[in-house]
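> The following comprises the amino acid sequence and a computationally predicted model.
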Amino acid sequence: MAIDFRKCLYALSDVMMNRPAPLRLFDQIYMKLPDMLLQAEAASRWFNEKSVLFVGDGDAIGLTMAHLSANDLIPGKPSKIKVLDFDERVINSITQFANQHGLGDLISAELYNVADPLPEDHQRRYDAFYTNPPWGASNDGESVISFIKRGIESLDPEGMACIVIGDHDNHPWTHQVQLVVQKYFVAEDFRLAEMLPEFHRYHLDDSPELTSCALLFKSAGEYKQYESLPLPKESLQNFYGKGIPLKVRYVRDRTNGGKLMTRDVELEPIKMEE
């Protein structure tokens, strides 16, 4: 199909205006507008007629896919999109946008943190999952694997996954993390089906040249049973960068879905068992 870029950008600007302000402490670094469109177009084709779980979605790619595909602006359309995120502002923004634009049957969102087991009603229920997690520069990709684990736990036996992580020749750690991710998927009987290298740029002041890739994996093995367990304490260390562990369970929205400043949040800590 021919894509009307003007109409796509108009629709995408509505999504961008709806996103809450990013919290840099939690690696909420948003993808730039042109790349959001390219990524949503690719993912919508990959996930056509599939149920998709987003394990985190500060970028609002899920909402972009829903809005553009529902208006026939990009090819492909998922059958259902569920977004899980630990930021209540993200949840509220998706819910309100979906209600305003008649997308409630296509996309919904609920509060969840990857440190917790995946709720049973999301286990083994989806055709695909998508995640753009903290990229793991300070923990050898452990933060990426934590998100991938939850995604795999959500998949049916023939599932697929799109992973967005760092990819740049001037940042060797990005290639090391890619290797960790690919080895993990191979061990779980997934194959790398497609890669879009150095595909996205971000609003990142301290490293504006840093790009990311999109990796598409497809199940190539037999059905496996997974037990969803809390993340071990060692997986929480350096989660968002060196010396920045995962210790906040939820970012609570004090604006009730409003558009006030980033400071209008409340951080609900993880209660660690002794």
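On my side now, so go ahead. Because the structure is a prediction, the values reported are computed rather than measured.
> What's the local residue count around Arg6?
Burial of Arg6 is recorded as 8 neighbouring residues (other C-beta atoms under 10 Å). For every residue, glycine as well, the C-beta is placed using N, CA and C.
> Identify each buried residue in the host helix or strand of it, please.
With the criterion set as DSSP states H and E, the secondary-structure element containing Arg6 is helix 5-18. For helix 5-18, the neighbour count (16 or more other C-beta atoms under 10 Å) marks Cys8, Ala11, Leu12, Val15, Met16, Asn18 as buried.
> what does stretch 164-171 give?
Within stretch 164-171, the residues that qualify as buried by neighbour count (16+ other C-beta under 10 Å) are Val164, Ile165, Gly166, Asp167, His168, His171.
> The fifth one reaches Glu198, doesn't it?
Yes: under the contact definition of C-beta atoms under 8 Å, His168 touches Glu198, with a separation of 6.4 Å.
> which residues are in contact with both of the two?
When contacts are counted by C-beta atoms under 8 Å, 6 or more residues apart in numbering, His168 and Glu198 have Thr211 as shared neighbours.
> centre of the chain versus the helix or strand containing Ala193, how much separation?
Here Ala193 is covered by strand 190-200, with elements defined by DSSP H and E. Offset of strand 190-200 from its chain centre (C-alpha atoms, centre = their mean, to the nearest Å): 15 Å.
> per-residue confidence averaged over it?
The average pLDDT within strand 190-200 is 96.
> hmm, who's touching it?
The set of residues external to strand 190-200 that reach it, using C-beta under 8 Å, 6+ apart, is 31-32, 35, 38-39, 42, 46, 160-161, 164, 167-168, 182, 185, 211-221.
> Buried residues of it, list them for me.
Neighbour-count burial for strand 190-200, with 16+ other C-beta under 10 Å as criterion, is recorded at Phe190, Leu192, Leu196, Phe199, His200.
> What's the first helix or strand after it?
Tracing the chain past strand 190-200, the next element assigned as helix or strand by DSSP H and E is strand 212-219.
> Output that next one as PDB, nothing but the C-alphas.
Extracted as PDB, the C-alpha positions of strand 212-219 are listed here (Å, rounded to 0.1, in the frame of the first residue of the first chain):
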ATOM      1  CA  SER A 212      19.400   1.200  18.200                       C
ATOM      2  CA  CYS A 213      18.500  -1.800  16.100                       C
ATOM      3  CA  ALA A 214      15.300  -3.900  15.900                       C
ATOM      4  CA  LEU A 215      15.700  -7.600  16.100                       C
ATOM      5  CA  LEU A 216      12.900 -10.000  15.100                       C
ATOM      6  CA  PHE A 217      13.100 -13.500  16.600                       C
ATOM      7  CA  LYS A 218      10.800 -16.400  15.800                       C
ATOM      8  CA  SER A 219      10.200 -19.600  17.700                       C
END
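> Which positions within that strand qualify as buried?
Under the neighbour-count criterion of 16+ other C-beta under 10 Å, strand 212-219 has Ser212, Cys213, Ala214, Leu215, Leu216, Phe217, Lys218, Ser219 buried.
> cool, and stretch 14-30?
Val15, Met16, Asn18, Arg19, Pro20, Pro22, Leu23, Phe26, Asp27, Gln28, Ile29, Tyr30.
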